[in-house]
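1. Predicted coordinates and the sequence they were generated for:
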Amino acid sequence: MHAVRNGLGSLLLAALLAGAGTAQAQSAKLEEAAGLTGLAMFMDSGAVGMVLAVVDGDDQLVLGYGETAAGNGQTPDGQSLLRIGSNSKAFAGELLGGLAAEGAVSLTDPLQRFAPEGVHVPDFEGREITLLDLATHSGGLPRDIPLDPPPNSPPFTWPTTADRFAWLADFTLPWAPGSIAAYSNIGFDLLSDALATATGKSYSDLLRERITGPLGMVDT
């Protein structure tokens, strides 16, 4: 990070070098639009590093700024691994839409249909949570499970499917599903569980077969 602050000139040079080779045809338009704008975005972000990807028709440009970790001197580029966070919700929505179009599931299917045996999914005065409710943040669920993971749990290994449904079985819906939109990560986790159950495949296999594989997203 110290090297980044030595001057705008060195930053711009590093950014241009990081983008070299990412596309054979990088238009002057993209370079003009993205170069200094991306640099300004990075400087204002306070982040250790940033990758900027710009696509305009067949032209593409990838620029890296800063470092992949503070002090390592390695500029991120188009091959750097990043946590994509809630972009993964778009993948879940795409899977749901594709499976619904094929008739494997219905948007109005209740989550209860895909729950583990013996688990009761709460309803609100008879209104059940549907797959569409989960995909539209309107299932009446909180943002995350309000519990702490077990000590020393590796990142992203908790909660498991069993943990989610065990928590859900004791949860009381505050309002009718479909009536109020409230952002929910746990809702999309449960949607992924339901799609895996509906197809008899793991969610990671579904993503690989239907999205990341066909799109050539080998690192995703």
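-> Everything's here; your move.

2. Report the residue spans of the protein with pLDDT below the cut-off.
-> Scanning the chain for pLDDT under 70 picks out the ranges 1-27.

3. ranges for the helices of it?
-> Assigned by DSSP state H, the chain shows helices spanning 8-19, 28-45, 87-101, 131-135, 161-169, 185-199, 203-207.

4. Dump the ones you listed to a markdown table, plus mean neighbour count.
-> For every residue, glycine as well, the C-beta is placed using N, CA and C. Converted to a markdown table, those look like this (neighbours: other C-beta atoms under 10 Å):
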| stretch | mean neighbour count |
| --- | --- |
| helix 8-19 | 16 |
| helix 28-45 | 15 |
| helix 87-101 | 16 |
| helix 131-135 | 23 |
| helix 161-169 | 16 |
| helix 185-199 | 21 |
| helix 203-207 | 17 |
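
5. In CSV: these, plus distance to Gly66.
-> Listed next are the helices of the chain as CSV, based on distance: least, C-beta to C-beta, whole Å:
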stretch, distance to Gly66
helix 8-19, 8
helix 28-45, 6
helix 87-101, 20
helix 131-135, 35
helix 161-169, 36
helix 185-199, 28
helix 203-207, 29
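
6. List the residues that contact the residue nearest to Ser88 when sequence neighbours are not counted.
-> Spatial nearest neighbour of Ser88, excluding adjacent residues (C-beta to C-beta, 6 or more residues apart in numbering): Phe188 at 7.8 Å. Going by C-beta atoms under 8 Å, 6 or more residues apart in numbering, Phe188 touches Ser88, Lys89, Ala92, Leu134, Ala135.

7. between those residues, which is nearest Ala182?
-> Nearest to Ala182 among these is Leu134, at 12.0 Å by C-beta to C-beta.

8. Does Ile145 touch Phe165 like I think?
-> No: the criterion here is C-beta atoms under 8 Å, and Ile145 misses it with Phe165 at 10.9 Å.

9. Neighbours of the closest residue to Gln112 other than its chain neighbours, how many?
-> Of all residues not flanking Gln112 in the chain, Val121 sits nearest, at 4.3 Å (C-beta to C-beta, 6+ apart). By the criterion of other C-beta atoms under 10 Å, Val121 has 19 neighbours.

10. Can you read off the backbone torsions of Val121?
-> The phi/psi pair for Val121 (degrees, to the nearest 10) reads phi -90, psi 130.

11. about what we covered before: which one of the helices of the chain lies closest to Gln74?
-> Using C-beta to C-beta as the measure, helix 8-19 is the one of these that comes nearest Gln74, at 10.0 Å.

12. list the contacts for the closest residue to Ala194 other than its chain neighbours?
-> Residue nearest to Ala194 in three dimensions, not counting chain neighbours: Phe114, with 3.8 Å by C-beta to C-beta, 6+ apart. Contacts of Phe114 were listed using C-beta under 8 Å, 6+ apart, and they are Asp193, Ala194, Thr197, Ala198.

13. For the contacts of Phe188, which two are the farthest from each other?
-> Ser88 and Leu134 (13.8 Å).

14. Look up how far Asp189 lies from the most centrally placed residue in the chain.
-> Nearest residue to the geometric centre of the chain (C-alpha atoms, centre = their mean): Ser88, 2.4 Å. Note on Ser88: its distance to Asp189, by C-beta to C-beta, to the nearest Å, is 10 Å.
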